[in-house]
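>>> Okay, sequence plus prediction incoming.
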Amino acid sequence: MNWDIISNYWPIYLSGAITTLKISLSVIFCATVLGYFIALMRLSSSRLLRGVTFTYVWVFRGVPIMLVLFWFYYATPFGLELSAFAAALCACSIASAAFKSEIIRAGLMSVDKGQLEAADSVGMNPLQRMIRITIPQAVRLIIPPYINNSVIILKESAQVSIITVPDLMLGAQRAYNSTFSVAETLGVAGVLYLTMTSCIMLFQAFIEKKLRMN
């Protein structure tokens, strides 16, 4: 192990890891918000909304995220020019929202109809029913798949390096191209990715323990 290579490129690894965290957390947030509204539209009584959102989920679950990245960065419609970071954020958020929406939809559908009818019988409006009955119960069920999907988002964020976002993977690739040392470049990137995903998994274990105690 050549520690001099790691020491020389450490600032690049650290900066890349911060960029990876920034884009991953931003994507998780945007995909959750978008996915929530898609889930609601898929459960609506409108056939038009159900059809549109079904098509959205079908398309973005079925195409590689790399294609979506290329489309947003190299072929943005209406002559728009996005920075590499903005294109990566839009592409990953839109693609990930398809998966988040299915997780959220499954959680919303799992709530017992009897409880919803009881909420109606005591005069709750749809917003009160959603906040006080549906969401608290759905959250317990969606936490494991939701956080698993978030781990996948962090790992797949490595693909944004192909459109020159200066993330951890791009920093490791540049270090490897200069040194041809696998362990000190790609190996270090692997350790840093494992550290970040492990933190998310520890958070999942903490949340699940809290929910069991309650």
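On my side now, so go ahead. Numbering: from 1, shown residues only.
>>> Could you list the low-pLDDT ranges of this protein?
214 (pLDDT under 70).
>>> Dead centre of this protein: give me the residue that sits there.
Centroid-nearest residue in the chain: residue 28, 3.7 Å away (criterion: Cα atoms, centre = their mean).
>>> doesn't residue 150 make contact with that residue?
Yes. The pair residue 28 / residue 150 is scored as a contact, 5.2 Å apart, by Cβ atoms under 8 Å. Every C-beta, even on glycine, is put in place using the N, C-alpha and C of the backbone.
>>> For residue 16, give me its contacts.
166, 167, 168, 169, 170, 171, 172, 189 (Cβ atoms under 8 Å, 6 or more residues apart in numbering).
>>> Which residues lie in contact with residue 106 in this structure?
By Cβ under 8 Å, 6+ apart, the contact set of residue 106 is 141, 142, 145.
>>> residues near the second one, how many?
Residues near residue 142, counting by other Cβ atoms under 10 Å, number 18.
>>> Buried ones in the longest helix seen in the chain, by neighbour count?
As assigned by DSSP state H, the longest helix anywhere in the chain is helix 3-42. By 16 or more other Cβ atoms under 10 Å, the buried positions in helix 3-42 come out as 5-6, 9, 12-13, 16-17, 19-21, 23-24, 26-28, 30-32, 34-36, 38-42.
>>> hmm, who's touching the next helix or strand after it?
Next along the chain after helix 3-42, taking DSSP states H and E as the criterion, comes helix 47-62. Identification of contacts with helix 47-62 by Cβ under 8 Å, 6+ apart yields 38, 41, 42, 44, 68, 94, 95, 97, 98, 99, 101, 102.
>>> ok, and for helix 47-62, which residues are buried?
Buried-residue list, helix 47-62, by 16+ other Cβ under 10 Å: 53, 56, 57, 60.
>>> now swap in stretch 116-132 and tell me
Neighbour counts over stretch 116-132 (16+ other Cβ under 10 Å) mark 116, 119, 124, 129, 130 as buried.
>>> surely the third one meets residue 133?
Yes. The pair residue 124 and residue 133 qualifies as a contact (Cβ under 8 Å) at a distance of 7.5 Å.
>>> which non-adjacent residue is nearest residue 68?
Leaving out its chain neighbours, the residue that sits closest to residue 68 by Cβ to Cβ, 6 or more residues apart in numbering is residue 91, at 4.3 Å.
>>> Now do the contacts for the one you found.
65, 68, 69, 71, 72, 73.
>>> Those residues into JSON lines, with extra columns for distance to residue 112 and neighbour count?
Converted to JSON lines, the contacts of residue 91 look like this (distance: Cβ to Cβ, whole Å; neighbours: other Cβ atoms under 10 Å):
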{"residue": "65", "distance to residue 112": "36", "neighbour count": "19"}
{"residue": "68", "distance to residue 112": "37", "neighbour count": "22"}
{"residue": "69", "distance to residue 112": "41", "neighbour count": "23"}
{"residue": "71", "distance to residue 112": "42", "neighbour count": "16"}
{"residue": "72", "distance to residue 112": "41", "neighbour count": "23"}
{"residue": "73", "distance to residue 112": "45", "neighbour count": "22"}
